[in-house]
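Chemist: Sequence unavailable; structure follows:
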Ligand code: ZN
């Protein structure tokens with residue numbers, strides 16, 4: 001079987017060594033990273049395995065290698081067709097005849113895939129979970145004696161997670177239907193609670209747990225209060241001229257509005273959302289993948305199928321509803337391991353809006369006959385995730401550390417006092433503290449407390465009006481200009497006070513209750529601050545510019561351009577665009593940025609020298625090597641560049 005991969009590895013070779021030989025020959029990587037090796041070893045040993053590796057951590061080879069070693073197929077369950085297609089394209093480009101079975105294929109195409117599969121010609125078969133509803137399929141799969149069932153995005157099975165999919169519950173019965181076949185559950189982000197739920201739901205048998213660090217040190221996190229989304233986005237994009245950037249917005253209208261404004265300012269950008277005609281969506285997707293379009297302004301509909309590894313910037317114009325979502329979306333930046341920037345713009349209205357949506361969808365679920373208790377549990381879980389996200393945005397400590405601890409790991413990086421991670425706004429000293437924060441907080445808290453004693457509750461907007469001494473109809477009619485706290489923060493603007501109220505909510509001093517029009521209440525932590533038992537810190541509610549000399553992360557080699565000829569690198573990108581177009585594949589399938597950088601750094605003069613570059617496997621060397629070499633042969637002498645540089 002698997003006639004296309006004939007590497008003539010002696011069969012008595014240790015399986016893990018065979019795996020590494022395959023990795024070298026097919027993927028062009030020298031060796032498995034530690035955690036990949038643990039996971040592959042566990043699968044080869046026939047053990048159930050839980051693998052938590054961040055985006056870009058190389059999860060997919062952990063289920064792509066074992067079938068090639070064992071010469072028995074692997075079945076990979078994956079939630080999204082676009083994701084499957086990209087992986088199948090990548091595998092095929094490297095000479096592995098993978099295939100996917102999903103609802104977009106014609107009946108004849110499906111039959112064709114299954115025929116190839118039962119004849120042992122498809123080592124890696126991707127499936128959508130809903131396919132499993134067809135009982136006959138499971139017996140066909142079983143007859144092929146798979147060596148592995150891999151479940152990608154395994155957190156979708158958990159109600160505690162951020163992306164629960166009822167279809168995933170079908171997977172629970174796979175264990176019984178395919179007894180004895182080891183399972184590999186993969187996810188990029190899972191809190192300890194979600195991890196346990198995955199193990200339980202899938203009935204994993206004493207699984208080996210391989211849990212990687214969630215930290216992505218090459219990402220620079222910056223979180224800013226949203227003041228003027230377009231201006232703020234432009235300011236960030238200025239740092240990434242012509243580099244791949246994604247801007248996430250919440251609504252279709254926003255995506256169109258912001259894209260248009262960017263285009264008006266001369267940025268090559270396009271909008272993307274589920275409401276666009278399919279042809280237009282495909283066009284944008286392909287242009288971005290092929291490196292012809294640098295900036296996409298999108299709803300979260302964009303991105304699941306994006307496998308471009310050189311995204312240098314991801315901006316969120318609104319706060320996402322969970323840190324898991326944020327990790328996943330921001331995690332699309334810098335998958336090549338090189339430095340990338342993630343900026344999140346937020347306002348108090350983001351959390352309020354999410355809360356309204358979560359509560360409304362709970363009401364709908366109950367109206368549609370959902371079990372009240374299950375729905376309530378799910379709603380509480382979603383609101384908890386939301387509160388954690390607000391707290392992260394409002395936090396004044398290291399962002400990387402906060403993410404790591406949220407996902408249940410210990411932080412091993414430098415302490416904030418020692419300069420911290422060097423890659424977040426807090427550690428880079430970009431967050432300005434508010435002077436006398438405790439006094440300011442007390443003024444706001446006492447206003448909320450005073451209204452409470454009158455039996456009155458209001459939202460952030462009205463409280464801010466009172467604090468700045470506003471002259472609104474509501475203040476006049478409620479005689480709130482008679483309150484002792486009226487005008488106590490006259491020196492601030494209403495939006496600044498609203499921002500401070502948001503910080504007080506996120507730090508647990510104020511509670512926000514009610515759905516669409518939430519009101520504020522004083523809660524326990526707020527009482528201690530009000531009594532003077534506790535000091536607090538707040539960020540200055542103003543927008544700060546990023547000093548130019550603080551843009552690069554300290555102490556990291558992620559931005560290391562030493563020895564790289566920039567014009568040559570740009571020339572290679574251009575060449576890659578052409579090669580990708582000719583092969584009708586996305587640019588990253590031809591070569592990722594790291595490979596291009598190495599080519600522009602070492603400038604190999606022979607195919608043999610080129611083969612030592614990480615990421616160029618045997619097939620790529622044969623198929624693309626000559627073209628790349630010819631390019632270098634023409635470029636280097638013309639520009640006076642020496643060849644075969646050594647590290
Ligand atoms: Zn930090």
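Modeler: Yep, it's here. None of these values were measured; they are calculated from a predicted model.
Chemist: Please list the residues of the protein that sit near the ion.
Modeler: Contacts of the chain with the ion, taken as CB under 5 Å from the ion, map to 398, 400, 420-421, 424, 427. Where C-beta positions appear, they are placed from N, C-alpha and C, glycine not excepted.
Chemist: Turn those residues into JSON lines, columns for neighbour count, pLDDT and secondary structure.
Modeler: Converted to JSON lines, the residues of the chain next to the ion look like this (neighbours: other CB atoms under 10 Å; pLDDT from 0 to 100; DSSP: H, G, I helix; E, B strand; the rest coil):
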{"residue": "398", "neighbour count": "24", "pLDDT": "93", "secondary structure": "coil"}
{"residue": "400", "neighbour count": "24", "pLDDT": "95", "secondary structure": "helix"}
{"residue": "420", "neighbour count": "21", "pLDDT": "84", "secondary structure": "coil"}
{"residue": "421", "neighbour count": "26", "pLDDT": "90", "secondary structure": "coil"}
{"residue": "424", "neighbour count": "25", "pLDDT": "94", "secondary structure": "strand"}
{"residue": "427", "neighbour count": "26", "pLDDT": "90", "secondary structure": "coil"}
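Chemist: how about residue 613, what does it touch?
Modeler: 28, 595, 598-599, 602, 604 (CB atoms under 8 Å, 6 or more residues apart in numbering).
Chemist: returning to that earlier point: residue 448: which of the residues of the chain next to the ion is nearest?
Modeler: residue 398 (30.3 Å; CB to CB).
Chemist: residue contacts, that closest one?
Modeler: 411, 413, 416, 420-421, 424, 426-427.
Chemist: The same query, at a cut-off of 10 Å, please.
Modeler: 221, 404-405, 411, 413-416, 420-427 (CB atoms under 10 Å, 6 or more residues apart in numbering).
Chemist: helix or strand for residue 314, which one?
Modeler: strand 313-316 (DSSP states H and E).
Chemist: quick one: strands adjacent to that strand?
Modeler: Its sheet considered, strand 313-316 pairs with strand 245-248 (parallel), strand 340-346 (parallel) by DSSP bridges.
Chemist: Mind checking those strands for the one nearest to residue 49?
Modeler: strand 340-346 (29.5 Å).
Chemist: quick one on the thing from earlier: looking at pLDDT only, which of the contacts of residue 398 scores worst?
Modeler: When these are compared by pLDDT, residue 416 scores lowest at 68.
Chemist: ok, residue 62 - contacts?
Modeler: 19, 32, 35-43, 49, 51, 53, 148, 150, 184, 186, 210.
Chemist: sorry, back to before: as CSV, the strands paired with strand 313-316 with mean pLDDT would be great.
Modeler: Formatted as CSV, these follow (pLDDT from 0 to 100):
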stretch, mean pLDDT
strand 245-248, 96
strand 340-346, 96
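Chemist: Could you export the ones you listed as a markdown table, including mean neighbour count?
Modeler: Shown next, in a markdown table, are the strands paired with strand 313-316 (neighbours: other CB atoms under 10 Å):
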| stretch | mean neighbour count |
| --- | --- |
| strand 245-248 | 26 |
| strand 340-346 | 25 |
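Chemist: Redo the ones you listed as CSV? Include distance to residue 297.
Modeler: As requested, these are exported to CSV (distance: least, CB to CB, whole Å):
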stretch, distance to residue 297
strand 245-248, 5
strand 340-346, 13
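Chemist: closest one to residue 574 among these?
Modeler: Of all those, it is strand 245-248 that lies closest to residue 574, at 19.0 Å by CB to CB.
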